[in-house]
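Asks: fold the following for me, if possible:
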Amino acid sequence: MSAQESNMKQPKVALIGFGEAGETFVREGGWSGVKGWDILAERRAAMPRAGVGLGEDCGEVLATADVILSLVTADQALDAAREYAPYLPQQAMWFDMNSVAPQTKAMAAEAVEAVNVRYVDVAIMAPVDVGLSVPLLVAGNKADEAVETLETLGFTDVREVGKTVGRASAIKLCRSIMVKGLEALTAEMVLASSQAGVLDEVLASLDASEKPMQWAERADYNLDRMLKHGGRRAAEMYEAAEMLRAMNTSAAMSDQTVAWHQQLGNLELTPPPETLSAKIEAIRATPDFRGEK
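Replies: Numbers count the residues shown, from 1 in each chain. Here you go, the predicted structure:
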């Protein structure tokens, strides 16, 4: 085996940020010689116990890395890319695995690529407690190479989604609108129905009305209902929000539901276009959604 082949089989890994994701990946990966850095002293102190080498500073940690996994908090992702870029070895690969907006990743990529380092947009699509089997989406002009590198590190569910930085992040965050939104709606619903003494009945009613449906079909159906009956549904949800306020329970999600139904109902797209793509196009073509007064 040549030295180059050996290096590809075991790239030198550095971690920026050592929270749950970093600790889990290191434990599962068993990477030899892995180093790490975190701005928090308590996290730096935890690294040696997990088998992660800790240098005197970030420059020492990054100096010999082939692969850098950026696993910081979302509000620190761009700052980390900009601050650590001068310490990165040329031709290293910076995997930005943080949940930030596509435009934030584009700015991070600009900082990293300015020093001749390969930037990769990575979206982690499930909780990291499943370890290296967590689904990863990869985007960027080095996406194909990045997929191979992540698989070399032991990740087993990696998929390229395009050559444009930010595309993986867009998929993650658009999905999060639904996933986290449903969680927030759940909180609002169970708190209200529990206080009203009707939680069991509400949950049973939801079970009874649930229909197996692909999300493309569900999205089309939901928009259809809103376009046809948005005004009436907005009035109903206004009453639901008033009920919540009378209970001294947050109506944040319900208030915004009123706004969305009213806005789509006011478009008067009757009858609505037949397909999901046609509905989206028609909505975006209206002055309100073009940002016109």
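
Asks: now the helices for the stretch 151-293 of the chain?
Replies: Using DSSP state H, counting those that start in this stretch, the helices of the stretch 151-293 of the chain run over 167-195, 199-209, 215-246, 252-265, 276-284.

Asks: am I right that I68 sits in a strand?
Replies: Yes - with DSSP: H, G, I helix; E, B strand; the rest coil as the criterion, I68 is assigned to a strand.

Asks: look at it and report its pLDDT.
Replies: At I68, the model reports a pLDDT of 97.

Asks: ok, now S2?
Replies: In the prediction, the pLDDT value recorded for S2 is 39.

Asks: over to G55?
Replies: The per-residue pLDDT reported for G55 equals 84.

Asks: helix, strand or coil for the nearest residue to it once chain neighbours are set aside?
Replies: Computed as C-beta to C-beta, 6 or more residues apart in numbering, the closest residue to G55 that is not its neighbour in sequence is V61, at 4.3 Å. In this view, the C-beta of every residue, glycine as well, is placed from N, C-alpha and C. Three states are possible here, and by three-state DSSP the one that applies to V61 is helix.

Asks: where's V61 relative to I68, distance?
Replies: V61 is 9 Å from I68, where distance means C-beta to C-beta, to the nearest Å.

Asks: which one of those two has more residues nearby?
Replies: I68 (29 against 25; other C-beta atoms under 10 Å).

Asks: identify the bridge partners of the more buried one.
Replies: Here I68 sits in beta bridges with A14, W94, going by DSSP bridges.

Asks: what sits against it?
Replies: I68 is in contact with V13, A14, L15, I16, L62, Y84, L88, A92, M93, W94, F95, counting by C-beta atoms under 8 Å, 6 or more residues apart in numbering.

Asks: what sits against the residue nearest to G55?
Replies: With contacts defined as C-beta under 8 Å, 6+ apart, the neighbours of V61 are A14, K35, G36, W37, G53, L54, G55.

Asks: count of neighbours near Q263?
Replies: Using other C-beta under 10 Å, Q263 has 16 other residues around it.

Asks: correction: T257
Replies: For T257, the number of neighbouring residues by other C-beta under 10 Å comes to 21.

Asks: ok, the spatially closest residue to G162 that is not a sequence neighbour - contacts?
Replies: For G162, ignoring the flanking residues on the chain, the nearest one in space by C-beta to C-beta, 6+ apart is A139 at 4.8 Å. When the contact criterion is C-beta under 8 Å, 6+ apart, the partners of A139 are 120-121, 123, 160-169.

Asks: so which of these belong to strands?
Replies: By the criterion of DSSP state E, membership of those in strands covers V120, D121, A123, E160, V161, G162.

Asks: would a markdown table of the contacts of I68 with distance to I283, neighbour count and pLDDT be doable?
Replies: Output for the contacts of I68, formatted as a markdown table (distance: C-beta to C-beta, whole Å; neighbours: other C-beta atoms under 10 Å; pLDDT from 0 to 100):
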| residue | distance to I283 | neighbour count | pLDDT |
| --- | --- | --- | --- |
| V13 | 45 | 23 | 97 |
| A14 | 45 | 30 | 97 |
| L15 | 43 | 28 | 97 |
| I16 | 40 | 29 | 96 |
| L62 | 46 | 23 | 95 |
| Y84 | 42 | 23 | 96 |
| L88 | 43 | 23 | 96 |
| A92 | 44 | 21 | 95 |
| M93 | 40 | 22 | 97 |
| W94 | 38 | 30 | 98 |
| F95 | 36 | 24 | 98 |
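
Asks: of the helices of the stretch 151-293 of the chain, give the one that comes closest to E42.
Replies: When the helices of the stretch 151-293 of the chain are ranked by distance to E42, counting by C-beta to C-beta, first place goes to helix 167-195 at 27.8 Å.

Asks: show me what the closest one is packed against.
Replies: Helix 167-195 sits against helix 102-113, strand 118-124, strand 136-139, strand 158-162, helix 199-209, helix 215-246, helix 252-265, with contacts defined as 3 or more C-beta pairs under 8 Å, 6 or more residues apart in numbering; DSSP states H and E.

Asks: in this structure T152 contacts K12, no?
Replies: No - applying C-beta atoms under 8 Å as the test, T152 and K12 come out as separate, 11.8 Å apart.

Asks: and these two? Which one has more around it.
Replies: The neighbour comparison of T152 against K12 (other C-beta under 10 Å) goes to K12, with 18 against 14.

Asks: just give me the neighbour total for the closest residue to that one other than its chain neighbours.
Replies: In space, K12 comes closest to D66 once its chain neighbours are excluded; the distance is 4.7 Å by C-beta to C-beta, 6+ apart. Each residue near D66 was counted by other C-beta under 10 Å, and the total is 16.
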